[in-house]
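Trainee: Dropping the sequence and predicted coords here.
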Amino acid sequence: MMAEYLTALAAVLAAPFLGGILMGLDRVVSARLQSRQGPPLVQPFYDILKLFAKRRMAANTFQMISVSVYLASMVLSLALLVMGQDLLVLLFILALGNIMLILGGFSVKSPYSQLGSQREVIVLLAYEPLLVCMVVGTYILTGSFSAASVFGLERPLALSMPAFVITQTLVMAMKLHKSPFDVSASHHAHQELVRGIYTEFSGPQMAVIELAHLYELVLLLGFIVLFWHTNLVVGIVLALACHAAVIVLDNVSARMTTRWMFGFTWSVGLALAAANLAALYATGPLPR
Amino acid sequence: MGLIDIARSKSPWILHFDAGACNGCDIEILACLTPVYDVERFGIINIGNPKHADVLLVTGTVNKRSARVLRNLYDQMPDPKAVVAIGACALSGGVFHECYNVLGGVDSVLPVDVYVPGCAPKPEAIIEGVVMALGKMQEREHARKRGAA
Amino acid sequence: MGLLEPLLKISPLTLAAVLVFSPALFGVVVFAVRTKWSRKGVVTVAGWVLTLAAITVFAIAFVSRTALSATLPAKAAPWSMIVAGGDLALLAAILVIAVRFRSAMVFGVALVQLAVVLYAELTGGHAAEAAPSVFIDWLSVVMVMIVSVIGSIIAVYGLPYMKEHERHLGIDEAGSHRPGFFLTMLVFLGAMNGLVISDDLRWVFFFWEVTTLCSFLLIRHDGTDLANTNALRALWMNTLGGVGFAVAIVLFGAHAHTYSVQALLRSPMGAAASLPILAALACLMFAAFTKSAQMPFHSWLLGAMVAPTPVSALLHSSTMVKAGVYLLMRFAPAFHGTQLSNVLAIAGGFTFVATAFLAIGQTNAKKILAYSTISNLGLIIACTGLNRPLALAAAVMLLIFHALSKGLLFMACGVVEHGIHSRDIEDMQGLVNRMPLTTLIMVIGILSMLLPPFGVLIAKLAAIEASVHLPLAMGMLVIGSTLTVAFWTKWTGRLLASEPGAVHPKIEHLHVMYFVPLVLLTVGAVAFSLAVFPLLTELVEPAVTQYYALVPGAAGGVDLSTDVLAVPWLLVFGVMATAVLAPVLVARTRPDEEVGAYMCGEQIETPNGSGFITVAEQSCSLSIRGHYFERYVGEDRHTLWMSLVAASLIAGMFGSVAVR
Ligand code: SF4
């Protein structure tokens, strides 16, 4: 028990550094794809530190609550994942953070952040079923929702649930606000809604959000590592490959509409998930 | 130099406002973002939102219409922040100086930290202006800290 | 323990009498003595009496750890005659109403019910005397607590509400309809208590019909045309459900030869049940679907929102609709392991998804709440259909948490409605600046329906975990839970959308009889979520265990230890509470400076709040609206086909009996 908590603590402390480097890598790779040199690898840390040191300007106090809960939910989700806890609970704690951020965006009567939040609600609706379906898939295989039980499997998840590697990549693109799914805010500087849902968060609040993003990135990649638990090196390579796919997708595609995104994930995404789940139900060791 | 100072100097986010330019200066600013100059090397991002920005780049003359907007944008930027005036117009009104609606350069409305002359200035000059502005911003922040302490 | 010993000496029958009759007696006093103060006093006292009685029941159950049961001597009175007389009197009342309001629908349905009831009376002679027998197990305890405590809180809240309500309508004290209103309300509470503690189905049916009639009276309270129409719709639908119930009674009498629920549950049930018994169970499900306003019968509950808010709060949170799901939970062991049970799960799951979907397009706060109630009841029904210990535990938890949160939300809505004279959530935009206290309570209420670590969500997760063996139901639960996020988030977003600069609003004054009930339920919703573990081990687990003792082959105790419940919820709670409180309490995280929204530098102040300058130096005030996707989720586009699907699922329930 104690050891579990200590591992979780270590992960929580290490995650921002790992996430920052990965995020920096993301920016460098994106720049190279655009034949630019790009920022230093540690750029995300500079950004976050600088934002923390800015004056605390806000439209209301709720914004600060919203970002702090957002960060807390990311940190907690990561801790729960490391502790091998229930994945379903983890997803909803993750959703809690996103919902609070959306409410923070809604809390200012500002055209851009309101529209951004409105769209973010749809983004949330678009990816949430995919995530839950993935967790259900692991249940069919292991008979348990806990992340720890995945380690009891002999076959890597990626082999029994290949479609979910694709859906997880899509989910990652949506959660990181990458093209073509960057409808509510863009991962890059700005788009037609300025900074969308983030428009009204400034200084330290933005820093908290960026920090939470680092956790989110590590968490999303952690999910994918779980797909090849038998050999963590392969798992990490798989996760990085998915991340690379997201970056390439980001650079080769244009932003699509909210409606397209929703239609796409609920048709193609859910069809993939359903097909894979059906196969698992047919063959899986679910106790009946 | 503390960690924060380093971070500040490595991550200037830009808000660009055209107060009434001929667009010549604007194009040079955009040129800074292209692969040739790639200002993201220095952590510079054109953020487009005063609430996230550190440095305000103003091009063009300030006229009666744009003065209020310029002021508003500046007020929405959280401290510490810096202002860079770019091009002859932003410095003094330039070729539009005698126009009926022109108030003058950016300094008729805002405290300007760095003046980048030229019509239009070269991208290298613009980048150097931003770097200089960062230095002044740091100095001001340090002075404020000392004053407070 | 020693202190509680005397409690055990209290006869269950005495308690039952207090729970069932004391509200009615107090109601009569309120009706007879028409002064403002007596009304306030008597309703409050009635609330206290009910609450104390419920707590006593809980304490006894807690100490004795067994179900309480007692029966009045069969010879003491002609019980069968009494209950039959009661049924017939109720039907007569319904028929009179049908004639008075010229409603052919109500008249027809009531006639059918009359025929069935008469048939039952004439053929059921061989059954035992219908002596009132009380059976209070943990499920009943939970229900009694919900009905009596939350019901009383709502009744007390109704005092200032109805006063203000009548002031709006221009009714003075002399012509006040309030005495009748509180009489009906209290009788309603008593009948609900009777329904959940009676063991004889004939008595359950009697109380069932009393709630039908009371709800009619309460819905039509304002007497407008709309109120009459909607009340009549509620009446015919629930009377139709009553027909189903009566048919079930006839079938049970003829084929199981007993009306005692406990005896029925101990007779061959589930896979071993004969066809007529299964048909009887399907009839009970039908009855429960009408009462719990499941699709296609959901329209009566939507219509019921014309009633004053305390009525809505009562119908939605603690009474009426809970009677239907209670009946299903009571009979769950009887259809354990049948195809019928699976179809029930699908039917409940369908309503869960469909109404969550329809709620997205609504701007009327009460309608959103109504859809959400129907949706949650669908979820509870799906849980009973899933029919596993974990699912039943989820159902019991949902029963409790939903009652708390929904009661709270309706009452808060009522306060807001009196404050801003609208129930449209667009008009609630920026309510945080106008009524910060109520908004805070409302937001807590909404979040407690939606987010971890609050109880409703924990129960929902447990339900999803329990549903993996029925993929279709699971798909419905997953999608339904996702859709739920949309309407709650958008509503909360409207509430919080504040004008910058108005960040330090004045806290509004609330009537003490608004304030106390609201705070009680808020604290309840949070405290019960915090105490989810004790609640689970002390209340839910015994309820589920005694339940599965009745299922053949599952009697070896119930294991609720699942992954959802293994999560360190207290840690989650702690972290989240810190995250919420830190920005409020720690000065370093509070804003240094407050600024307006970014509007491309064109922002200005206008008389109507913030605005901007547009072309030709025109100033324009900013107005923002939520997006409700009417084109995609509009009621008029979807209600019909959804109702048809739901109706065919109900037909499927009967079909599954035939083909099993
Ligand atoms: S300085 Fe020259 S290029 Fe720049 S805006 Fe003025 S006229 Fe145009």
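Mentor: Right, received. Where do you want to start?

Trainee: When you work out contacts or count neighbours from here on, use the C-alpha atoms and nothing else.
Mentor: OK.

Trainee: what separates the lengthiest helix in chain B from the chain centre, distance-wise?
Mentor: The helix that spans the most residues within chain B, counting by DSSP state H, is helix B:123-148. Its chain's C-alpha centre and that of helix B:123-148 lie 11 Å apart, by Cα atoms, centre = their mean, to the nearest Å.

Trainee: So for that helix, what gets flagged as buried?
Mentor: Residues of helix B:123-148 classed as buried by neighbour count (16 or more other Cα atoms under 10 Å in any protein chain shown): B:123, B:125-127, B:129-138, B:141.

Trainee: just the residues you listed now: which is nearest residue C:28?
Mentor: residue B:141 (75.7 Å; Cα to Cα).

Trainee: Was I right to think the closest one contacts residue B:80?
Mentor: Yes. In this structure, residue B:141 is within contact of residue B:80 by Cα atoms under 8 Å, at 6.7 Å.

Trainee: Strands along chain C, start to end?
Mentor: Secondary structure of chain C (DSSP state E): strands at C:68-71, C:133-136, C:593-594, C:603-606, C:609-614, C:618-621.

Trainee: hmm, who's touching the first one?
Mentor: With contacts defined as Cα atoms under 8 Å, 6 or more residues apart in numbering or on different chains, strand C:68-71 is touched by C:12-13, C:61, C:131-137.

Trainee: Report the buried members of those.
Mentor: By neighbour count, with 16+ other Cα under 10 Å, those hold C:12-13, C:61, C:131-137 as buried.

Trainee: ranges for the strands of chain B?
Mentor: Under DSSP E, chain B gives strands at B:13-20, B:45-46, B:55-60, B:62-63, B:82-86, B:102-104, B:114-116.

Trainee: Any chance of a markdown table for the ones you listed, columns distance to residue C:435, mean pLDDT and mean neighbour count?
Mentor: Shown next, in a markdown table, are the strands of chain B (distance: least, Cα to Cα, whole Å; pLDDT from 0 to 100; neighbours: other Cα atoms under 10 Å in any protein chain shown):
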| stretch | distance to residue C:435 | mean pLDDT | mean neighbour count |
| --- | --- | --- | --- |
| strand B:13-20 | 37 | 90 | 21 |
| strand B:45-46 | 40 | 88 | 21 |
| strand B:55-60 | 39 | 92 | 27 |
| strand B:62-63 | 43 | 90 | 28 |
| strand B:82-86 | 40 | 93 | 28 |
| strand B:102-104 | 45 | 88 | 21 |
| strand B:114-116 | 48 | 93 | 22 |
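
Trainee: quick one: the residue nearest the centre of chain B from chain A, how far?
Mentor: Nearest to the geometric centre of chain B sits residue B:57, at 2.4 Å (Cα atoms, centre = their mean). In this view, residue B:57 and chain A are 16 Å apart by Cα to the nearest Cα, to the nearest Å.

Trainee: Buried residues in stretch B:85-98, which are they?
Mentor: B:85-94, B:96-97.

Trainee: same deal with stretch B:36-43?
Mentor: Using 16+ other Cα under 10 Å as the test for burial, stretch B:36-43 gives B:37-43.

Trainee: where does the stretch 101-250 of chain A dip in pLDDT?
Mentor: The model of the stretch 101-250 of chain A has pLDDT under 70 over residues A:189-190.

Trainee: Could I get the full set of helices for it?
Mentor: Here the stretch 101-250 of chain A has its helices, by DSSP state H, counting those that start in this stretch, at A:111-142, A:147-150, A:157-160, A:162-175, A:203-225, A:232-252.

Trainee: okay if I get the ones you listed as JSON lines plus mean neighbour count?
Mentor: Shown next, in JSON lines, are these (neighbours: other Cα atoms under 10 Å in any protein chain shown):
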{"stretch": "helix A:111-142", "mean neighbour count": "23"}
{"stretch": "helix A:147-150", "mean neighbour count": "21"}
{"stretch": "helix A:157-160", "mean neighbour count": "18"}
{"stretch": "helix A:162-175", "mean neighbour count": "22"}
{"stretch": "helix A:203-225", "mean neighbour count": "23"}
{"stretch": "helix A:232-252", "mean neighbour count": "17"}
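
Trainee: of all these, which lies closest to chain B?
Mentor: Each of the helices of the stretch 101-250 of chain A has some distance to chain B by Cα to the nearest Cα; the shortest is helix A:203-225, at 6.6 Å.
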